[in-house]
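coordinates only, sequence not included:
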């Protein structure tokens, strides 16, 4: 449906010496109202709301001129196994610390274990098992992925991975410690993985970002068997420049939440991308010259951003904010963005500060 009706913003205005009364006629009430043109069509007005309430990633992807949006990566349980620091019973993790193919055998050592497991190499095909390169939330900072984790999964689903690990234990039972045996048995009971493991396309470029609290982002160019876990969201595009552009915009918005003294919402998923659209910062809304400069600055920041661990992403953003390229990026985008639209966008991904200055917990 297309509406051609004109939209207006109506506000109450103060009139000295006069008081508002419910008994006033419509003609009298008009003196208390300040009416200005909204300067947007009805369709433009309702589109952000429709995108938000329908939660349609495909529709949002079209608005952002990208190929696809995945609000949440693959759900995997047992990545690091049980951890003492979290008060859990220790067990093996799906992270592979060492792996190799030697002749007709496949050798691998799981996280939290000391022993190498050896199985016939044809077991990999039999059970659909592969070692994937995983992008994990804890390894991403603004403009930087610190490292990638090797993880063992089955493209045929959870049951086949469990069978593979069970077979591995039977074959190696006499040569491994009781500790490793028990930890892997516990993993088999605890692990979860998707029924289908679809790697990222090597023909596309990706923007990956944290989908909890501070949605810091980085560009990723896939290698074979790359996957993203469930605490990450991502955008896929055929254009390298578009990828670098949106990584810059996401980090700019995250920094703007920080400098505005606001708190990050706990769950973000596709909301930061909707915020980009609402703020008027999508690829097609930006003039070509500015787009080019943002892409250039983003590429420079991906080279210069520190490869280090931070206590939280607020600290990471504060450190990146000291880089000359980021300062220029902020200056460029501040000069282009409409402040009222930006405030509307920030309300999607953040809340007003409590004023206590407390650090938000990392997710």
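Noted; the coordinates are in hand. Owing to the predicted nature of the structure, the values given are computational and were not obtained by experimental measurement.

what's stretch 154-163 in contact with?
By CB atoms under 8 Å, 6 or more residues apart in numbering, the surrounding residues in contact with stretch 154-163 are 127-130, 152-153, 164, 188, 191-197. From N, CA and C alone the C-beta is placed, and that goes for glycine too.

got a list of what the nearest residue to residue 276 once chain neighbours are set aside touches?
Nearest residue to residue 276, sequence neighbours excluded (CB to CB, 6 or more residues apart in numbering): residue 249, at 5.4 Å. The neighbours of residue 249, taking CB under 8 Å, 6+ apart as the test, are 276, 281, 294, 333.

switch to 10 Å and redo it
By CB atoms under 10 Å, 6 or more residues apart in numbering, the contact set of residue 249 is 64, 207, 217, 272-273, 275-276, 279, 281-283, 286, 294, 298, 329, 333, 337.

out of the residues you listed, which are buried?
Among those, those scoring as buried are 64, 207, 217, 272-273, 275-276, 279, 281-283, 286, 294, 298, 329, 333, 337 (criterion: 16 or more other CB atoms under 10 Å).

Among those residues, which ones are in helices?
Among the buried ones among the contacts of residue 249, the residues falling in helices (DSSP state H) are 64, 272, 273, 275, 276, 294, 298, 329, 333.

Now that residue 210 has come up, it's in contact with residue 272, right?
Yes - look at residue 210 against residue 272 with CB atoms under 10 Å: they come within range, at 9.4 Å.

what sits in contact with each of the two?
With CB under 10 Å, 6+ apart, residue 210 and residue 272 have common neighbours 216, 217, 233, 250, 254.

And the furthest pair within the residues you listed?
Distances among those were taken as CB to CB; the most separated pair is 233 and 254, at 12.9 Å.

so what's in contact with these two at the same time?
By CB under 10 Å, 6+ apart, the residues touching both residue 233 and residue 254 are 209, 210, 215, 217, 268, 272.

contacting residues around the fifth one?
Looking back up the chat, that one is residue 268. Applying CB under 10 Å, 6+ apart, we find residue 268 in contact with 71, 209-215, 233, 254, 274-275, 348-350, 363.

try the second one
For residue 210, the set of contacting residues under the criterion of CB under 10 Å, 6+ apart consists of 137-138, 140-141, 216-218, 231-233, 250, 254, 264, 268, 272, 313, 362-363.

on that earlier part again, pipe the ones in helices among the buried ones among the contacts of residue 249 into a markdown table and attach pLDDT per row.
A markdown table is the format used below for these (pLDDT from 0 to 100):
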| residue | pLDDT |
| --- | --- |
| 64 | 97 |
| 272 | 97 |
| 273 | 97 |
| 275 | 96 |
| 276 | 97 |
| 294 | 98 |
| 298 | 98 |
| 329 | 98 |
| 333 | 98 |
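
What part of the chain, helix or strand, is modelled with the least confidence?
Sorting the helices and strands of the chain by mean pLDDT, DSSP states H and E puts helix 42-54 at the bottom, at a mean of 53.

wouldn't residue 66 be in contact with residue 241 here?
No - shown here, residue 66 and residue 241 do not form a contact pair, counting by CB under 10 Å, at 11.7 Å.
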